[in-house]
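> have a look at this prediction, sequence included:
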Amino acid sequence: MTFRLCYHLILTLKYRKNILTPEMQDRLKQIITTLLVKWECEPIELGGEGDHIHILFDAYPGLNLVNFIKNVKSVSSRHMRKEYGDYLKKYLWGGEFWNDGSTIISVGASASIEVLIDYIKNQGKADKS
């Protein structure tokens, strides 16, 4: 069987705090890429800015998106709090890292994959003046 289900997942930090350093963004990409592979998904592009991250990936038809997103959020939060806890506790409290919600969009209806890849790659690079 041939299929391609491509999703664009957007996760935002609690209180939309703009606190992710480039090093922290890179670490999140590593953690999330490992989880994508574990869940038998194919990472396409990951990127973000100080207050959110974009994850573009292919998935198989039987993937339970709700459980997948819960796992990504809980595992990445646990790693980030363990590795960057002293820094994060200045900005985030109550053991939370991500906002309660998330956004997931199936790709293909509104933008091509190539457009999304460029958009995600250029996160944080635009002139913010």
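That came through fine.
> secondary structure element for the nearest residue to Y15 once chain neighbours are set aside?
Closest residue in space to Y15, ignoring its immediate chain neighbours: L92 at 7.3 Å, by Cβ to Cβ, 6 or more residues apart in numbering. Heads up, the C-betas are built off the backbone N, CA and C, glycines and all. Under DSSP states H and E, no helix or strand contains L92.
> and whichever strand or helix holds E114, what's its mean pLDDT?
If you go by DSSP H and E, E114 is part of helix 113-121. For helix 113-121, mean pLDDT rounds to 80.
> residues touching the longest helix along the chain, excluding its own?
If you go by DSSP state H, the chain has its longest helix at helix 65-88. Contact partners of helix 65-88, identified using Cβ atoms under 8 Å, 6 or more residues apart in numbering, comprise 7, 9, 11, 19, 24, 27-28, 31-32, 35, 39, 41, 55, 59, 95-98, 102, 104.
> sort out for me which of these are in helices.
24, 27-28, 31-32, 35.
> beta partners for the residue nearest to S106 when sequence neighbours are not counted?
Of all residues not flanking S106 in the chain, Y7 sits nearest, at 6.0 Å (Cβ to Cβ, 6+ apart). Y7 forms beta bridges with F57, S106, as assigned by DSSP bridges.
> pretty sure Y7 sits against H54.
No. With contacts counted by Cβ atoms under 8 Å, Y7 stays clear of H54, the gap being 10.9 Å.
> low-confidence stretches in the protein?
Low-confidence segments of the chain, defined by pLDDT under 70: 1, 109-111, 126-129.
> give me the distance between the residue nearest to S106 and D86.
Using Cβ to Cβ, to the nearest Å, Y7 is found at 34 Å from D86.
> looking at these two, which is more packed in?
Y7 (19 against 7; other Cβ atoms under 10 Å).
> can you pull the contacts of the more buried one?
Y7 sits in contact with 55-59, 65, 104-107, where contact means Cβ under 8 Å, 6+ apart.
> give me the buried subset of the residues you listed.
Buried by 16 or more other Cβ atoms under 10 Å: 55-59, 107, out of those.
> dump those residues to CSV, plus distance to E114.
Formatted as CSV, those follow (distance: Cβ to Cβ, whole Å):
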residue, distance to E114
I55, 17
L56, 11
F57, 15
D58, 14
A59, 19
V107, 10
